[in-house]
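Student: coords below, sequence missing:
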C-alpha cells in the first residue's frame, strides 16, 4: 500500500490490519526522531522513549487522522518527514517542560547500541561526541534569544529540522506546520545560524559585519 492508501484505510475504515502496518512502517522513524531529540536534552530512558512514541501516535490519530491525511494527499513524498515533525514536537515539548522543572544536573542514560548514530554536526565546527551535549545546550540557549518573537516556536523547529534532522529547506517548507515557502525557510535558517554563531563567538571575521 502507498502511504496515502494506508493512512486513508486507518482514517476512514479504521482497519485493524492497516493500523498494524502503520505502526510497523513508521515506528522506527518516530523512535529515532524522539531519541535524537532526547539526546539533545541529555536524557532518554527507554521507558520515556516508549511513552513518547505512544503519545506521537495519539497526536497523529487525533480527529480521525485528519491532519495527517490532508498532508499526505498534498505531499505524499514527504509523509515520513511530517511524521518525524510530530515526533520531534512531542519529544521537545516533553523535555523542555521537564528541563524547566529540574534545573539541576541529571543522569544521562546510555542508548542502545542499535540506536541510530548521533545526528550530524557540521555548521559549528564539528565537535566530538564528548562535547556534543554541551554544545547543543549552548546552541539552544542562544537559539531561544535569536528566534525571540511571535514565530519563535516555528523558527526553532525550522532550525532543528535543518541542523539535526538534515532536512532541506524544500522539505521543511512542505510541512503543514511551517507555512513558509522554501525561500522563507532558507531566510530563517540563514538568520538563525548567523545569530547563533555570533553569540557563540565562533563565527570568525566573515560574520563580524552586519548584512
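Tutor: Sure, I can see it. All values derive from a computational prediction rather than experimental measurement.

Student: next secondary structure after the worst-scoring helix or strand of the chain on mean pLDDT?
Tutor: Ranking every helix and strand in the chain by mean pLDDT, DSSP states H and E puts helix 129-146 at the bottom, with a mean of 72. Next along the chain after helix 129-146, taking DSSP states H and E as the criterion, comes helix 152-163.

Student: show me what that next one is packed up against.
Tutor: Packing partners of helix 152-163 (3 or more CB pairs under 8 Å, 6 or more residues apart in numbering; DSSP states H and E): helix 79-101, helix 129-146, helix 169-173, helix 182-200. To be clear about C-beta, it is placed using only N, CA and C from the backbone, and glycine gets the same treatment.

Student: could you identify which of those is most buried?
Tutor: Using mean count of other CB atoms under 10 Å, the stretch among those with the largest mean neighbour count is helix 169-173, at a mean of 20.

Student: which residues touch it?
Tutor: 78, 81, 158, 161-162, 178, 180-186, 189 (CB atoms under 8 Å, 6 or more residues apart in numbering).

Student: what's the closest of the helices and strands packed on helix 152-163 to residue 44?
Tutor: helix 79-101 (8.6 Å; CB to CB).

Student: so what touches that closest one?
Tutor: Here helix 79-101 makes contact (CB under 8 Å, 6+ apart) with 3-4, 7, 26, 29-30, 33-34, 36-38, 40-41, 43, 48, 52-53, 55-56, 59-60, 68, 71-72, 75, 157, 160-161, 165, 167, 171, 174-177.
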